[in-house]
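1. my questions concern the predicted model and sequence given below.
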Amino acid sequence: MSKLEFKDNCGFGLLASIDGKATHKNVEDAIKALERMMHRGAIAADGKSGDGSGLLFSMPKEFMQKIAKENGYSLPDLFAVGVIFSKNENDKDIIKSICEKNDLKVLFFRDVPINKNALGELALKTLPNIYHVFIVPNSINATNRFEALLYLTRREIEKAIEDEDFYIPTFSSKKIAYKGLLMPNHIKEFYPDLADKDFKVSFALFHQRFSTNTLPEWRLAQPFRFIAHNGEINSIQANRFNALVKTESLNSNVFTKEEIEKSKLEKCSIDAEIMDKLVEILLEDDELKSKISFEVYVEYDYKKNPEKVWDNENNSNQ
């Protein structure tokens, strides 16, 4: 190469049990790998505030069943746990109401144990309340399309609570996120759950964020619900436009026309977030995956125009 260019960007990784077995060692290995990415993100003078880091795990069912039992509940085989960032206690009533309207039953809310000593000054100033909401299907119909109902319910909750301090990292029966505005070497200290030997997972996606031109926020820590993103996405404006246009003619085996309309992609603060939302709705239904190729959005324009400048994470023209 005649010219070398070096760009700072995020660090991420994935580990999984080939046999699909859930183990606590996977948690420990993922945290250790994440700690090795300290150099991939900025750090403040207090030594604890950073751009954000986190882990996306398969649902630790054994651990969650234990937590439910401690709270007086016996979980069925099919259950979900939502992770909530919020500063308004009234948000719980809205969450419960919308879940019930969508044939989902909220069993209880759990305040996630945290250790504030793991946080720096900036993170402490913006720290939300973090809690889990335990959810089960309320009918046979809800059981048959549980994950789809969780998706639609989360989207409805997000639209009902228009508060920049409110965010739902995950709302699923299959996976759960532990993340925030903290350094990788303090994530286990901040979340004591991760040290519990019953916290066993079959996979872990981990991410250390390097913020470019967006200020660090709790909600922007990655992984998102499906992806962890390294760098910036090429041709993001065209990708967004194409996705919005093609969703107008989508047919689904899982979602009604009205439900698809409610799930339309909106403008997000960073490019990776909207890509995550696109991946999310595609993976819910094979029919949708056949209509819109995720690979096309990510790669097409770059292959056609390899010299095109990459868009910034928060381009004002998006």
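-> Everything's here; your move.
2. going by C-alpha atoms from here, please, whenever you check contacts or count neighbours.
-> Noted.
3. burial count for the closest residue to residue 190 other than its chain neighbours?
-> By the measure of CA to CA, 6 or more residues apart in numbering, the closest residue to residue 190 outside its immediate chain neighbours is residue 115, 4.6 Å from it. Using other CA atoms under 10 Å, residue 115 has 13 other residues around it.
4. try residue 181
-> When neighbours are counted by other CA under 10 Å, residue 181 registers 28.
5. equivalent analysis for residue 20, please.
-> Neighbours of residue 20 (other CA under 10 Å): 10.
6. need phi/psi at the residue nearest to it when sequence neighbours are not counted.
-> Leaving out its chain neighbours, the residue that sits closest to residue 20 by CA to CA, 6+ apart is residue 202, at 5.4 Å. Dihedral pair for residue 202: phi -100, psi -20, per degrees, to the nearest 10.
7. which pLDDT does the model give residue 202?
-> pLDDT recorded at residue 202 is 96.
8. was I right to think the residue nearest to residue 190 contacts residue 193?
-> No: using CA atoms under 8 Å as the test, residue 115 is too far from residue 193 to be in contact (10.7 Å).
9. alpha carbons of the helix or strand hosting residue 99, in PDB - could you do that?
-> Using DSSP states H and E, residue 99 maps to helix 91-101. Extracted in PDB, the C-alpha atoms of helix 91-101 (Å, rounded to 0.1, in the frame of the first residue of the first chain):
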ATOM      1  CA  ASP A  91     -42.600   4.300  33.900                       C
ATOM      2  CA  LYS A  92     -43.300   0.900  35.600                       C
ATOM      3  CA  ASP A  93     -47.000   1.500  35.500                       C
ATOM      4  CA  ILE A  94     -46.800   2.300  31.700                       C
ATOM      5  CA  ILE A  95     -44.800  -0.800  31.100                       C
ATOM      6  CA  LYS A  96     -47.200  -3.000  33.000                       C
ATOM      7  CA  SER A  97     -50.200  -1.500  31.300                       C
ATOM      8  CA  ILE A  98     -48.900  -1.900  27.800                       C
ATOM      9  CA  CYS A  99     -47.800  -5.500  28.500                       C
ATOM     10  CA  GLU A 100     -51.200  -6.400  29.700                       C
ATOM     11  CA  LYS A 101     -52.800  -4.800  26.700                       C
END
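10. downstream of it, the next helix or strand is which one?
-> Sequence-wise, the next helix or strand downstream of helix 91-101 (DSSP H and E) is strand 104-111.
11. what lies in contact with that following strand?
-> With CA atoms under 8 Å, 6 or more residues apart in numbering as the test, strand 104-111 has contacts from 73, 96, 99-100, 129-138, 142, 149.
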